[in-house]
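Trainee: what follows is a protein structure lacking sequence information:
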């Protein structure tokens, strides 16, 4: 028995090495050489049916894109651009009984008809401004109509006003500032009032001035009636900003 057992055991071990045990995975097959593997047919693969955003935008007509951009720019400009301030003006500032803040009455049409400013000889300096009375605007159409009526400017009879500036004198210790006399011809009545103006810009042969005179009585020119009847204060301030040509400037101090 011992001899038979010794002989049988080697045969059992040999058979186990040849036949795999139940449930054991087989060894993987050897991998073929990559160089020998056939290449995939990429040309035959269909392209994805997706249009990129940029390509879709590029396909839109150029005119439509330009119009859209222009519309966006115009909309942005409309949101940010403020009304422009006029570069020149002739105006009066007065109080109105029914308005908390002062009312500015501006003349949209005026012209410097004579200008001769010799800053080396102020005695000869003279400026004449002609104002279209009908061009007055106050920010209220109904009030504009009343101001143009016979109660105030009476534009049907007195279509123009004239302001003449002369008698310049330099203000001491205040550069580019001058006192002068303004002769205002309004509604056929002429009155002299003091005015002070400052040269705010200098150009070749021209200057830009800003001037003001305060506390003028409108009754001096027969403008309007009693305060209780017209609801307008008895006095007004006059302001100008003008470009004056034919200017001889004083030489710079050495």
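Mentor: Received it, and whenever you're ready, just let me know what you need. The shown structure was predicted, so the numbers you read here are calculated from the model rather than taken from an experiment.

Trainee: what comes into contact with stretch 121-133?
Mentor: Under the criterion C-beta atoms under 8 Å, 6 or more residues apart in numbering, residues 90, 107-119, 148, 153, 155, 158-166, 168-170, 178, 180, 240, 242, 244, 248 lie in contact with stretch 121-133. Just so you know, the C-beta spots here come from the backbone N, C-alpha and C atoms, and that holds for glycine as well.

Trainee: contacting residues around the closest residue to residue 225 other than its chain neighbours?
Mentor: Spatial nearest neighbour of residue 225, chain neighbours left out: residue 151 (6.7 Å); criterion: C-beta to C-beta, 6 or more residues apart in numbering. Going by C-beta under 8 Å, 6+ apart, residue 151 touches 224-225, 230.

Trainee: so how far is residue 196 from residue 151?
Mentor: Distance of residue 151 to residue 196, computed by C-beta to C-beta, to the nearest Å: 31 Å.

Trainee: before we move on, the earlier item: buried ones among the contacts of stretch 121-133?
Mentor: Buried residues within the contacts of stretch 121-133, counting neighbours by 16 or more other C-beta atoms under 10 Å: 90, 107, 110, 112, 115, 117-119, 148, 153, 155, 158, 161, 163-166, 168, 178, 180, 240, 242, 244.

Trainee: now stretch 117-130: buried residues?
Mentor: Neighbour-count burial for stretch 117-130, counted by 16+ other C-beta under 10 Å, picks out 117-119, 122, 125-130.

Trainee: out of the buried ones among the contacts of stretch 121-133, name the ones that lie in strands.
Mentor: Among these, DSSP state E puts 90, 107, 110, 112, 115, 117-118, 161, 163-166, 168, 178, 180, 240, 242, 244 in strands.
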